[in-house]
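K.L.:
3D model of this:
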Amino acid sequence: MTTLTIRIPDDTADRLRQLAKHRDISLNKLMEEFSTMSLAEFDAKTRLRLRAAKGSSKRGLALLDKLDRNLRN
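P.N.:
As a prediction, this is how the structure comes out:
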């Protein structure tokens, strides 16, 4: 496991400590959860971009039109 030192404003650090306390977890666990969520979001966006690059914009727009029509009905 790695130890990482970050610099953030004091008021942000205080709010993060309060949030961790409210969730009944350590500040370390809170940071671990935040980093996991951020990485999952990044990975999902990367996968979607790769799939979009392989796809057809015409087909994608047709699917969006179909979805829009279904939502209206």
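K.L.:
quick one: list the elements packing against the helix or strand where Ser38 lies.
P.N.:
Using DSSP states H and E, the element containing Ser38 is helix 27-54. Applying 3 or more C-beta pairs under 8 Å, 6 or more residues apart in numbering; DSSP states H and E, one finds that helix 27-54 makes contact with helix 10-23. C-beta coordinates here come from the backbone N, C-alpha and C atoms, glycine included.
K.L.:
buried sites along the helix it packs on?
P.N.:
Ala20 (16 or more other C-beta atoms under 10 Å).
K.L.:
return the distance of it from the chain's centre.
P.N.:
Put simply, helix 10-23 sits 20 Å off its chain's centre (C-alpha atoms, centre = their mean, to the nearest Å).
K.L.:
who does that helix touch, helix- and strand-wise?
P.N.:
So helix 10-23, by 3+ C-beta pairs under 8 Å, 6+ apart, packs with helix 27-54.
K.L.:
burial count for Lys66?
P.N.:
Look at Lys66: counted by other C-beta atoms under 10 Å, it has 10 neighbours.
K.L.:
scratch that, Leu64
P.N.:
Based on other C-beta under 10 Å, the number of other residues close to Leu64 is 10.
K.L.:
pLDDT at it, what is it?
P.N.:
You'll see Leu64 listed with a pLDDT of 89.
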